[in-house]
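Colleague: I'd like to go over a predicted model; first the sequence, then the structure.
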Amino acid sequence: MKHARLRVSEDGRVRIIIPETFSQDEIIALLKKKQRWIDKHLKFFKGMSKINLQRNQILLYGNRYSYFYDLTYEHKVIVDHEHNTIRAKRNLLDKTIQQQWLTDVAKKYLANRTEELAGKLNFNYNRLYLRNQRTKWGNCSKEKNISLNWRLIKAPMFVIDYLIVHELLHTVIMNHTHKFWTMLKSYYPDYKDAIIWLDKYGNSL
């Protein structure tokens, strides 16, 4: 390792990874030099909030749904949006099974919603991919292929719409220029509310 690296975690811990040749004075000097950067990231993580779930709850579309084991539904999952309940024989409280189910829900919903918004706003894209990433919510390639994180299915629908419109706009403007944000506001006036929600609760998805 030739260079030192700093990392700030969500729990407020600051880690420094250094070469063996680094002296104590060099470490102190580095921390002083990067103090503003460290404070900025600590402030950001402090502003984040956790969406707490009860043991039998599942996060879907930004809402807490209560899961009930039900032998009646052996081959399907029944989601009641009016009462925020989910019934199924399969154990959706198991993390692996729950992720697979949420991924399937995301695949269908995100594909339909992307196609719907693209048609409504007159955007053309090539293909849609579902990704499994911890921090990146979406991406658009120069070939106009859009990638979305399956975890977005846990976010409110207005946040999902923002991310889809954001990536659709990248089929026309690849960079985050002033023109990009101006056009985004014209297509999705409340985009800042979605960004605020993601900054605050994105760690819960």
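Modeller: Looks like it arrived, so ask away. Residues are numbered from 1 along each chain as shown.
Colleague: from residue 165, how far out is the residue nearest to residue 133 when sequence neighbours are not counted?
Modeller: Once flanking residues are discounted, residue 133 sits nearest to residue 149: 5.5 Å by Cβ to Cβ, 6 or more residues apart in numbering. Any C-beta I mention is one placed from the backbone N, CA and C, and that applies to glycine too. For residue 149, the distance to residue 165 (Cβ to Cβ, to the nearest Å) stands at 15 Å.
Colleague: okay, residue 150: pLDDT?
Modeller: Per-residue confidence at residue 150 stands at 97 (pLDDT).
Colleague: what's the nearest residue to it if we skip its chain neighbours?
Modeller: Residue nearest to residue 150 in three dimensions, not counting chain neighbours: residue 106, with 4.2 Å by Cβ to Cβ, 6+ apart.
Colleague: helix or strand for the one you found, which one?
Modeller: helix 95-121 (DSSP states H and E).
Colleague: what's the average pLDDT for the next helix or strand after that helix?
Modeller: Later in the chain than helix 95-121, the nearest helix or strand by DSSP H and E is strand 128-131. Strand 128-131 comes out with an average pLDDT of 95.
Colleague: please name the residues that touch the one residue sitting closest to the centre of the chain.
Modeller: In the chain, the centroid-proximal residue (Cα atoms, centre = their mean) is residue 137; its distance is 4.4 Å. Residues in contact with residue 137 (Cβ atoms under 8 Å, 6 or more residues apart in numbering) are 148-149, 151-152, 163, 198, 202.
Colleague: cutoff 7 Å now
Modeller: 149, 152, 163, 198 (Cβ atoms under 7 Å, 6 or more residues apart in numbering).
Colleague: equivalent analysis for residue 87, please.
Modeller: 68, 70, 73, 78.
Colleague: tell me what it is bridged to.
Modeller: residue 68, residue 78 (DSSP bridges).
Colleague: could you check how far it is from residue 121?
Modeller: 36 Å.
Colleague: cool, and residue 140?
Modeller: 14 Å.
Colleague: which one of the two has more residues nearby?
Modeller: residue 140 (21 against 14; other Cβ atoms under 10 Å).
Colleague: what separates the nearest residue to that one once chain neighbours are set aside from residue 78, distance-wise?
Modeller: Among residues not flanking residue 140 along the chain, residue 170 sits closest, at 3.5 Å (Cβ to Cβ, 6+ apart). Separation of residue 170 from residue 78 (Cβ to Cβ): 37 Å.
Colleague: no further questions, thank you.
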